[in-house]
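> Fold the stuff below for me.
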Amino acid sequence: MQKFFIAILIVTMAVSCASAEKRRPLNIYIQGGALLPSKDTLATEGYFPGYNMGFGVGYNINDHVEIVGRILHHTMSPNFSSDFWWHNLRTDEDVVPDGGEFRFLMYGGELKLNATNKKNNCYLIAGLGIIDINIEAVTGEYYTGEPIGIEKRHDLDGMFNFGVGFELHYFFMELRWISLHVDDWPGSAHWGPKNYNSTLRFICMGIKF
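Model prediction:
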């Protein structure tokens with residue numbers, strides 16, 4: 001399987017290098033990849049790396065500037081053995097929690113700056129938009145029978161993201177950074193609400209047509 005993907009990549013690069021066509025006015029993007037917390041208490045210490053998927057539509061103003069509208073979905077699963085949850089849930093008391101999945105949707109507009117007018121190309125990308133954050137409730141009980149008490153959290157906020165990428169004909173790959181803020185994360189019955197700033201990296205790859 002690995003050799004198959006390497007062969008596909010080599011063929012794609014050969015075709016793209018031989019192509020000197022100018023860009024089409026309209027592009028459709030389909031993508032997916034990995035979500036990697038960068039530095040932050042909530043995401044880095046409390047969650048495993050996750051995944052992302054999404055799609056977008058781009059319009060080329062000229063050969064070097066493209067405007068892209070995009071929707072991206074991101075998901076991370078909680079790491080209940082981490083120090084973050086130990087402090088918030090007192091997991092030393094034989095707590096077996098469930099839930100807590102961290103999901104968010106990004107809706108936004110982006111500006112893509114292409115280095116060349118060819119299909120074999122590097123680019124910079126940056127955008128603004130809205131981020132819709134949903135954190136599932138954490139269910140379970142302490143050994144005393146007392147509920148854990150972390151309720152579902154929903155937050156809607158503005159966001160900024162930026163990154164770099166390259167494209168080989170119809171294939172593209174990007175590395176991006178996004179900053180998000182979670183207000184008054186509920187904590188537990190034993191700890192008060194907290195605010196968290198998150199810096200997340202996500203790597204995505206996909207196709208455009």
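> Only C-alpha atoms from now on, for both contacts and neighbour counts.
Fine.
> which residues in this protein form strands?
Assigned by DSSP state E, the chain shows strands spanning 26-39, 50-60, 65-76, 98-99, 102-114, 120-135, 138-139, 153-168, 171-185, 194-208.
> would you turn those into a markdown table with mean neighbour count and mean pLDDT?
As requested, these are arranged in a markdown table below (neighbours: other Cα atoms under 10 Å; pLDDT from 0 to 100):
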| stretch | mean neighbour count | mean pLDDT |
| --- | --- | --- |
| strand 26-39 | 19 | 86 |
| strand 50-60 | 18 | 93 |
| strand 65-76 | 19 | 93 |
| strand 98-99 | 15 | 78 |
| strand 102-114 | 20 | 91 |
| strand 120-135 | 19 | 89 |
| strand 138-139 | 18 | 76 |
| strand 153-168 | 18 | 85 |
| strand 171-185 | 18 | 79 |
| strand 194-208 | 18 | 78 |
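> would a markdown table of these with distance to Asp83 be doable?
Listed next are these as a markdown table, based on distance: least, Cα to Cα, whole Å:
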| stretch | distance to Asp83 |
| --- | --- |
| strand 26-39 | 15 |
| strand 50-60 | 19 |
| strand 65-76 | 17 |
| strand 98-99 | 16 |
| strand 102-114 | 17 |
| strand 120-135 | 18 |
| strand 138-139 | 16 |
| strand 153-168 | 21 |
| strand 171-185 | 17 |
| strand 194-208 | 16 |
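> closest one to Trp85 among those strands?
Among those, the nearest to Trp85 by Cα to Cα is strand 138-139 (10.6 Å).
> Skipping its backbone neighbours, what lies nearest Ile131 in space?
The shortest distance from Ile131 to any non-neighbouring residue, by Cα to Cα, 6 or more residues apart in numbering, is to Met106 (4.6 Å).
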